[in-house]
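Peer 1: Quick one: sequence plus predicted model below, questions after.
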Amino acid sequence: MGSADGGRDRLYERLKAYEGRPAAVGGRGKDPVNLPMIRHWCEAMGDTNPAYRGPDAVAPPTMLQAWTMGGLSGHEDRSEGYGELLGLLDGAGYTSVVATDCEQEYLRPLRPGDEVSFDAVVESVSPRKTTKLGTGHFVTTRMDVRAGGELAGTHRFRILKYAPAPRPPKPPEPPEPPESSKLSESPKPSERPRRPRPVINRDNAGFWEGVAAHRLLIQRCTACGTLRFPWLPGCNDCGAPEWETVEASGDGTVFSYVVMHHPPFPAFDPPYAVGLIELAEGVRMISDVVGVPCEKVRIGMPVRLEFLRVDEELELPVFRAVDDGDAGEAGEAGEAGEAGGDGGLGDGDAGDDVDAGEGER
């Protein structure tokens, strides 16, 4: 035991020697700060802040790292020291890696046309830690991002290099029941695995109170009237913190969807359809699409809100396909709007695990 501890101590001394050494030197962003990337980012994040549009636009501060990323071709400015550090961890058996968190500090806004440069340093290497994933070391790098030579912000990025924890042995399969007992009753709700619980906090408690009362509530900014979903503490358009609620009519259409096959979760019965539903009020939300086989779900399909009790404590809003003949017509129209009918992912070309419906092009 003492020998193993001594070996770990010597390894940690070697790892600590890399603290303060450069991880990247003289890096340059592959593109200047530009409006198309800002627009794509804001659309993906649902961020409609007017500060990010127009002739005087600035980039969202949280895009700080995006301007430094090397894309598929990577960067050539990573230092040898950082590679040596990762190689040392690999050689000690810590061959797996997971990103754990990042911290950013913003010192000045980035504007279209700014040329971004950066340097990075190994800020810290932690002692040996044991997590649920396995045992290893946390490595933190700090990147200083500059525009025109002026410091614009810092980005700290932390990874865990670890040796995966051994998996517990799989329990033996229960014996096959006799034929006479196969027609047994379905498990009672109390015996079924429970679905994950939603995280309820002061920012979204009102939404879940509405669900309990069978009301789907949307926030509306009292300053500018903008509707928003999911619930947020302030308005994305004008920044005002005051809001009121509007009850959704319950009508909507399937804006996009996926059919989940894998990974399996005990509380769910794959395959099932998860839709991005565009409500009649204009906002979108993610929910199950029910009442129709998952292979029949189509973009543009009309749906109607209902509330599904999944166990004795939890009730969720879901959307049922409208069964009045219009659903088939909307499905055909949505299918005709997909490129070639497949849309690239419609038949599981990306791994056969998920069938993805297309959004608008």
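Peer 2: Structure's in. What do you need?

Peer 1: now the helices: where do they sit in the chain?
Peer 2: Along the chain, counting by DSSP state H, helices occupy 2-16, 35-45, 80-91, 205-212, 326-336.

Peer 1: Identify each buried residue in the third one, please.
Peer 2: Right, the one you point to is helix 80-91. For helix 80-91, a neighbour-count test (16 or more other Cβ atoms under 10 Å) marks Gly81, Tyr82, Leu85, Leu86, Leu88, Leu89 as buried. Backbone N, C-alpha and C define where each C-beta goes, glycine included.

Peer 1: quick one: low-confidence ranges for the stretch 151-300 of the chain?
Peer 2: Applying pLDDT under 70 to the stretch 151-300 of the chain flags residues 176-191.

Peer 1: how close does the residue nearest the centre of the chain get to Pro60?
Peer 2: Nearest to the mean C-alpha position of the chain, counting by Cα atoms, centre = their mean, stands Met45 at 10.4 Å. Met45 sits 8 Å away from Pro60, going by Cβ to Cβ, to the nearest Å.

Peer 1: before we move on, what about Thr131?
Peer 2: Counting by Cβ to Cβ, the gap from Thr131 to Pro60 is 32 Å.

Peer 1: Out of these two, name the residue with the larger neighbour count.
Peer 2: Comparing Thr131 with Pro60 by other Cβ atoms under 10 Å, the one with more neighbours is Pro60, at 18 against 13.

Peer 1: Find the nearest non-adjacent residue to the more buried one, please.
Peer 2: Spatial nearest neighbour of Pro60, chain neighbours left out: Tyr52 (5.8 Å); criterion: Cβ to Cβ, 6 or more residues apart in numbering.

Peer 1: cool, Phe207 as well?
Peer 2: Excluding its sequence neighbours, the residue lying closest to Phe207 (Cβ to Cβ, 6+ apart) is Trp231, at 5.0 Å.

Peer 1: my read: the one you found touches Val211, true?
Peer 2: No. Counting by Cβ atoms under 8 Å, Trp231 stays clear of Val211, with 11.7 Å between them.

Peer 1: which residues touch the residue nearest to the centre of the chain?
Peer 2: For Met45, the contacting residues are Pro60, by Cβ atoms under 8 Å, 6 or more residues apart in numbering.

Peer 1: How many neighbouring residues does Val211 have?
Peer 2: Val211 has 17 neighbours, counted by other Cβ under 10 Å.

Peer 1: Return the distance of it relative to Ile286.
Peer 2: 14 Å.

Peer 1: now Glu19
Peer 2: Applying Cβ to Cβ, the value for Glu19 to Ile286 is 42 Å.

Peer 1: Also Met69?
Peer 2: Between Met69 and Ile286 the computed distance is 27 Å (Cβ to Cβ).

Peer 1: and Lys16, how many residues sit next to it?
Peer 2: 15.

Peer 1: Pro22 and Gly81 touch, don't they?
Peer 2: Yes. With contact defined as Cβ under 8 Å, Pro22 and Gly81 form a contacting pair (6.3 Å).

Peer 1: list residues touching both of these two?
Peer 2: Residues within reach of Pro22 and of Gly81 at once, by Cβ under 8 Å, 6+ apart, are Val122.

Peer 1: Tally up the residues packed near the residue nearest to Phe207, please.
Peer 2: Counted with other Cβ under 10 Å, the neighbours of Trp231 add up to 17.

Peer 1: Contact partners for it?
Peer 2: Per Cβ under 8 Å, 6+ apart, neighbours of Trp231: Asp203, Asn204, Gly206, Phe207, Gln219.

Peer 1: Val297 reaches Phe319, doesn't it?
Peer 2: No. Counting by Cβ under 8 Å, Val297 does not reach Phe319; the two are 10.3 Å apart.

Peer 1: overlap in contacts of those two?
Peer 2: Counting by Cβ under 8 Å, 6+ apart, the common neighbours of Val297 and Phe319 are Gly275, Val289.

Peer 1: Tell me if I'm right that Gly148 and Asp114 touch.
Peer 2: Yes. Assessed by Cβ under 8 Å, Gly148 is found in contact with Asp114 at 6.5 Å.

Peer 1: Looking at these two, which one has more neighbours?
Peer 2: Neighbours per residue (other Cβ under 10 Å) separate Gly148 from Asp114, with Asp114 holding more: 20 against 11.

Peer 1: Over to that one: give its phi and psi.
Peer 2: For Asp114, the backbone dihedrals (degrees, to the nearest 10) come out as phi -60, psi 130.
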